[in-house]
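Chemist: The following block contains a protein sequence and its predicted model.
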Amino acid sequence: MTGSRVAASVEFARSDLQLKFDVPDAPFVALTGLNGSGKTSALRCLAGLEPAAKVDWPNGAPDSRGYLPQRIMLYPAMSLADNIASSMRFAGLDKSSIATRTAELLDLVDISALGNRRPHEVSGGQRQRAGLARAIAATPSLLLLDEPFSAIDVDSRARVRERIVDHIAESGARCVMATHDPEDLAASNAVHIVLT
């Protein structure tokens with residue numbers, strides 16, 4: 001990363017994994033590597049979910065973070081719309097703003113017709129779309145996305161990816177994503193970090 005600004009430096013070690021890398025100060029950063037190379041662990045470090053990790057933020061830590069884990073965890077008793085709205089309620093947005101933004105996000109990820117359904121009533125790809133919408137709903141300054149489009153059917157993936165990338169870019173957020181898909185890198189014009 002010589003010559004470029006660093007947004008974060010990460011060091012993390014456990015018995016089976018050693019991570020040490022810099023995250024460049026760029027709108028989109030993609031983490032790639034073989035299975036087990038530490039992509040998910042790297043995102044967890046940046047999310048503050050690995051207590052043993054040392055993360056240095058030279059320009060200050062982000063004031064808010066949105067995290068989409070590889071295994072989507074939606075609230076099972078809530079509808080997809082309520083799951084999306086939940087992150088905005090936690091952020092303190094007013095009810096009117098939450099309702100409007102929830103409708104916009106359901107449309108953004110092409111699940112408007114499914115807003116009243118619960119997670120067990122929809123497919124894995126539809127749950128992933130709802131998870132994406134929830135992660136970006138409160139407009140966090142840093143988004144951490146783990147394989148964000150992998151469960152979405154091939155016919156819809158490019159459209160949803162393009163919409164999400166455009167939405168993130170317009171919001172001014174920074175995004176670090178773990179991916180195996182070269183199309184994710186191309187669509188976001190991401191700075192690429194290979195973990196080994």
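Modeler: The structure has been received and is ready for your questions.

Chemist: what's in contact with stretch 20-34?
Modeler: 1, 4-12, 39, 42-43, 46, 59, 165, 168-169, 174-180, 184-185, 188-196 (C-beta atoms under 8 Å, 6 or more residues apart in numbering). For every residue, glycine as well, the C-beta is placed using N, CA and C.

Chemist: Same question for stretch 70-77.
Modeler: So stretch 70-77 is contacted by 40, 80, 82-83, 86, 118-120, 124, 127-128, 130-131, 134, 146-147, 150-151, 178 (C-beta under 8 Å, 6+ apart).

Chemist: Can I get whichever helix or strand residue 84 is part of as CSV, trimmed to CA atoms?
Modeler: Residue 84 is part of helix 80-90, with elements assigned from DSSP states H and E. What follows is helix 80-90, C-alpha atoms only, in CSV (Å, rounded to 0.1, in the frame of the first residue of the first chain):
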residue,chain,number,x,y,z
LEU,A,80,-38.6,-8.9,6.0
ALA,A,81,-39.8,-5.2,6.1
ASP,A,82,-39.5,-5.2,9.9
ASN,A,83,-36.1,-6.8,9.7
ILE,A,84,-34.9,-4.0,7.4
ALA,A,85,-36.6,-1.3,9.6
SER,A,86,-34.9,-2.7,12.8
SER,A,87,-31.5,-1.2,12.0
MET,A,88,-33.1,2.2,11.5
ARG,A,89,-35.0,2.0,14.7
PHE,A,90,-31.7,1.2,16.5
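
Chemist: For the spatially most central residue of the chain, which non-adjacent residue is spatially closest?
Modeler: The centre of the chain sits closest to residue 145, judged by C-alpha atoms, centre = their mean, with a distance of 2.5 Å. Nearest non-adjacent residue to residue 145, counting by C-beta to C-beta, 6 or more residues apart in numbering: residue 177, 4.2 Å away.

Chemist: can you confirm the one you found is in a strand?
Modeler: Yes: counting by DSSP: H, G, I helix; E, B strand; the rest coil, residue 177 is located in a strand.

Chemist: As a check, name the ranges of all helices in this structure.
Modeler: For the chain, the helices defined by DSSP state H occupy 39-47, 80-90, 95-108, 124-137, 154-171, 182-188.

Chemist: packing partners for the shortest one?
Modeler: The reference is to helix 182-188. strand 28-32, helix 154-171, strand 174-178 (3 or more C-beta pairs under 8 Å, 6 or more residues apart in numbering; DSSP states H and E).
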